[in-house]
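**Q** missing the sequence, but the structure's below:
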């Protein structure tokens, strides 16, 4: 009973984690695409770029979809948006003037880290979203459990990689701007969402993995039991084919080679015992009749008639 309650609680928690993770993925991916609350509060990095020639804004904010301006502590996104927009000022502003040296010397690191994490976030969302739907079907089929476990592995790999790469790139960019003397800050909301996604993904990895292993073990147990039953049934059939017909009259004799084997089930033995009880009176009568016919003098006599000799008499009464 306790195991059932635990299993139900695990299912409910897993469904909630999947829904929460999918929702957080959507919020993250909408960053930079909508200028409305609360999406306009989400950004990876905010830095003062007023002294960089080619920078379109005095304060630039890097979001999931690109570069946005800052107004009243809110994102204002318009023209500088594109898929896989990197956090790389050298590529964003097409200049090296007044750029922190790290963005020039390590340009490839910033560029590829932040471009690949765009793809990995999308893949993480796809696999997580599909699992959110498929997990419901795991309640009735072990095959869906296998699929969910496989997709969760892929979702975990891409999500963990995306969050780690984005965190590394943002931390390096912040240090580069800070060391150069520019005002810079990390977007707490978007970074918090990304790490919340990472936490939920790791939890789902172990939860779905535990369910997969548990159901797999039960499935293996059932398979072993069924194999044993089939083997016992085959042995019983071979035994029945190799033995002669059973003589029920001698079933009670333990030395009789044709007596009922102990492998018979209890129901069959009870049925055979009732048959023997019904047959016993008939056998006794038949055996008693046979004995009387063979030796009629040995039968019990309840009445004894004595034979006497008839003596003739004369008419006068003399003998």
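**A** Good, I have the coordinates. Computed from a predicted structure; not experimentally measured. Numbers count the residues shown, from 1 in each chain.
**Q** Okay, now the unreliable bits of the stretch 151-300 of the chain?
**A** Low-confidence segments of the stretch 151-300 of the chain, defined by pLDDT under 70: 216-217, 219-220, 244-300.
**Q** what about the helices in it?
**A** Counting by DSSP state H, counting those that start in this stretch, the segments of the stretch 151-300 of the chain that form helices are 188-242, 266-294.
**Q** from the chain's centre, how far out does the longest one sit?
**A** Same thing as helix 188-242. The chain centre lies 6 Å from the centre of helix 188-242; the measure is Cα atoms, centre = their mean, to the nearest Å.
**Q** mind listing what the closest residue to residue 33 other than its chain neighbours touches?
**A** In space, not counting the residues next to it along the chain, residue 33 is nearest to residue 65; the distance is 5.2 Å by Cβ to Cβ, 6 or more residues apart in numbering. No exception for glycine: its C-beta is placed from N, CA and C like everyone else's. With contacts defined as Cβ atoms under 8 Å, 6 or more residues apart in numbering, residue 65 is in contact with 31, 32, 33, 77, 81, 82, 83, 85.
**Q** Pull out the buried members of those.
**A** 31, 32, 77, 85 (16 or more other Cβ atoms under 10 Å).
**Q** Tell me the spacing between the second one and residue 241.
**A** The gap separating residue 32 from residue 241 is 78 Å, by Cβ to Cβ, to the nearest Å.
**Q** now, which of the buried ones among the contacts of residue 65 lie within helices?
**A** Residues from the buried ones among the contacts of residue 65 lying in helices, with DSSP state H as the criterion: none.
**Q** Closest one to residue 232 out of these, please.
**A** Within those, the smallest distance to residue 232 is 63.7 Å, found for residue 31 (Cβ to Cβ).
**Q** SS state for residue 70?
**A** strand (DSSP: H, G, I helix; E, B strand; the rest coil).
**Q** Check the one 5 residues further on too.
**A** Three-state secondary structure (criterion: three-state DSSP) places residue 75 in strand.
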